[in-house]
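**Q** got a structure for you, letters missing:
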């Protein structure tokens, strides 16, 4: 071989050797992002504006706590701040889907918070799934969301079928003689699921379902339904759907003089605006909720339960919530569950030590912890929340009192509730 060709050959051999040796070198670690962005199509107007306002306050409160108190999310040896990017979805399904697409493709967010309500959460899930983005459900309680096989949907709010289980357990314990129950729910994704669970549990406890009907979402007159319900003479009514119809339900029960031993409606009675709108007509009304001010959880309680703890104390959360909204209002469960969804995401990222959606989803499936909101644990396969328990609250003398379960209550239940004639005469729901 000539000298020139030999040199060329040797040079090529060195280049090839170096090329083949490259894969054996340690891979360069991916740079850690300067921030972790949570995107949200939030209900700031439309029918879900009230819970939407609560949610934005809860999320901003927990984001601020993570950044300013906790020091940021611990990932890949760094502390990374959270950023919250949101747009008003106007409580519309078509806007939810378009905004999720925009947040992912244009704003390049890392994670998505679902909009409030089961219907809107379900509408947005396929979009998040399409792009492989973790989809944090803070306000969609329907079990059906998690029966579709979505890989990236993760629930913080408890499943709808469990909403009235505690209520029925309470009535069954305090008054075994109460046997007749009426079911009257809004015809919505969420409320139908609550109704399904309530009927199954009522039957299991030995109640007789004497009335079972749904009413149209956005209804303005429940008189025909309530007149039929009155004729069934139930001991207990469980029902409702959302805030507006819950007010209407209670008001027209009073108009028709429908008296029962217990009235429990989902969603509406937990809001301070419920009593503001109804006044003393709300006395004795109850409702199941995921959280209420006064149900205190702490790092000490978490330690006793063998759970990790993260987040602000209850009072710290309330302070941060008020600062976030610039209003002197108390957060309700809509705020607490939204804030807890942020905390669960932080824990999942830290457990995965990554923001990669598949690694974070795997970590969330293993995660169990406690915050001011209570316990958190999902079914690994479906993403359904299984670790959070409901509490029941009742309006007593203009104040919300936690009446169930016994280990969490701040007062005794007023049972039976006062009749509307008694309330009109000045009687309050005081045990």
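**A** Alright, I've got the coordinates. These numbers come from a predicted model, not from an experiment.

**Q** only C-alpha atoms for contact and neighbour calcs from this point on.
**A** Noted.

**Q** phi, psi of residue 288?
**A** Dihedral pair for residue 288: phi -80, psi 140, per degrees, to the nearest 10.

**Q** Now do the contacts for it.
**A** Listed by Cα atoms under 8 Å, 6 or more residues apart in numbering, the contact partners of residue 288 are 163-164, 166-167, 264-267, 270, 390-393.

**Q** Which of those residues fall in strands?
**A** Judged by DSSP state E, these include 264, 265, 266, 391, 392, 393 as members of strands.

**Q** Is it possible to mark the buried ones in the contacts of residue 288?
**A** The neighbour-count test (16 or more other Cα atoms under 10 Å) marks 163-164, 166-167, 264-267, 270, 390-393 as buried among these.

**Q** out of the residues you listed, who's nearest residue 102?
**A** residue 267 (30.1 Å; Cα to Cα).

**Q** can you pull the contacts of that closest one?
**A** 240, 241, 242, 243, 246, 287, 288, 289.

**Q** ok, now which ones touch the fourth one?
**A** If you count contacts by Cα under 8 Å, 6+ apart, residue 243 has them with 267, 268, 269, 274.

**Q** let's see it at 10 Å
**A** Neighbouring residues of residue 243 by Cα atoms under 10 Å, 6 or more residues apart in numbering: 47-48, 50-51, 265-271, 273-274.

**Q** okay, the buried ones among the contacts of residue 288 in a markdown table with pLDDT and distance to residue 328 next?
**A** Below are those laid out as a markdown table (pLDDT from 0 to 100; distance: Cα to Cα, whole Å):
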| residue | pLDDT | distance to residue 328 |
| --- | --- | --- |
| 163 | 94 | 29 |
| 164 | 96 | 30 |
| 166 | 93 | 31 |
| 167 | 96 | 30 |
| 264 | 98 | 27 |
| 265 | 98 | 26 |
| 266 | 95 | 25 |
| 267 | 87 | 21 |
| 270 | 86 | 17 |
| 390 | 88 | 26 |
| 391 | 90 | 24 |
| 392 | 95 | 24 |
| 393 | 96 | 22 |
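
**Q** got the residue ranges for the strands in the stretch 51-200 of the chain?
**A** In the stretch 51-200 of the chain, the strands defined using DSSP state E, counting those that start in this stretch lie at 73-75, 78-80, 82-88, 111-113, 135-137, 153-155, 180-186.

**Q** can I get those in a markdown table with mean neighbour count, distance to residue 143 and mean pLDDT?
**A** Below are the strands of the stretch 51-200 of the chain laid out as a markdown table (neighbours: other Cα atoms under 10 Å; distance: least, Cα to Cα, whole Å; pLDDT from 0 to 100):
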| stretch | mean neighbour count | distance to residue 143 | mean pLDDT |
| --- | --- | --- | --- |
| strand 73-75 | 20 | 30 | 97 |
| strand 78-80 | 16 | 34 | 97 |
| strand 82-88 | 18 | 25 | 98 |
| strand 111-113 | 26 | 18 | 98 |
| strand 135-137 | 29 | 12 | 98 |
| strand 153-155 | 29 | 10 | 98 |
| strand 180-186 | 24 | 16 | 98 |
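
**Q** Turn those into a markdown table, columns for distance to residue 35.
**A** Output for the strands of the stretch 51-200 of the chain, formatted as a markdown table (distance: least, Cα to Cα, whole Å):
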| stretch | distance to residue 35 |
| --- | --- |
| strand 73-75 | 9 |
| strand 78-80 | 5 |
| strand 82-88 | 6 |
| strand 111-113 | 12 |
| strand 135-137 | 18 |
| strand 153-155 | 22 |
| strand 180-186 | 41 |
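
**Q** Now do stretch 41-49, average pLDDT.
**A** For stretch 41-49, mean pLDDT rounds to 96.

**Q** how far does it stretch from start to finish?
**A** 12 Å (Cα to Cα, to the nearest Å).

**Q** List the buried residues for that stretch?
**A** So stretch 41-49, judged by 16+ other Cα under 10 Å, has buried residues 41, 42, 43, 44, 47, 48, 49.

**Q** List the residues that contact the third one.
**A** If a contact means Cα under 10 Å, 6+ apart, then residue 43 has 49-56, 86-92, 96, 115-117, 120 as its contacts.

**Q** Now it: closest residue in space, sequence neighbours ignored.
**A** residue 52 (4.6 Å; Cα to Cα, 6 or more residues apart in numbering).

**Q** Redo the buried ones among the contacts of residue 288 as TSV? Include distance to residue 347.
**A** Formatted as TSV, those follow (distance: Cα to Cα, whole Å):
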residue	distance to residue 347
163	26
164	30
166	29
167	32
264	34
265	33
266	30
267	28
270	28
390	22
391	25
392	28
393	30
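
**Q** Which of the residues you listed sits closest to residue 419?
**A** Minimum distance to residue 419 across these is 14.6 Å, recorded for residue 264 (Cα to Cα).

**Q** what is that closest one paired to in the beta sheet?
**A** Residue 264 has these beta-bridge partners by DSSP bridges: residue 238, residue 286.

**Q** Verify the stated contact: it with residue 394.
**A** Yes: between residue 264 and residue 394 there is a contact under Cα atoms under 10 Å: 8.6 Å.

**Q** overlap in contacts of the two?
**A** Going by Cα under 10 Å, 6+ apart, residues that sit against residue 264 and also against residue 394 are 284, 285, 286, 287, 288.

**Q** taking those residues as a set, which two sit the farthest apart in space?
**A** The most widely separated members of these are 284 and 288, with 13.4 Å between them, by Cα to Cα.
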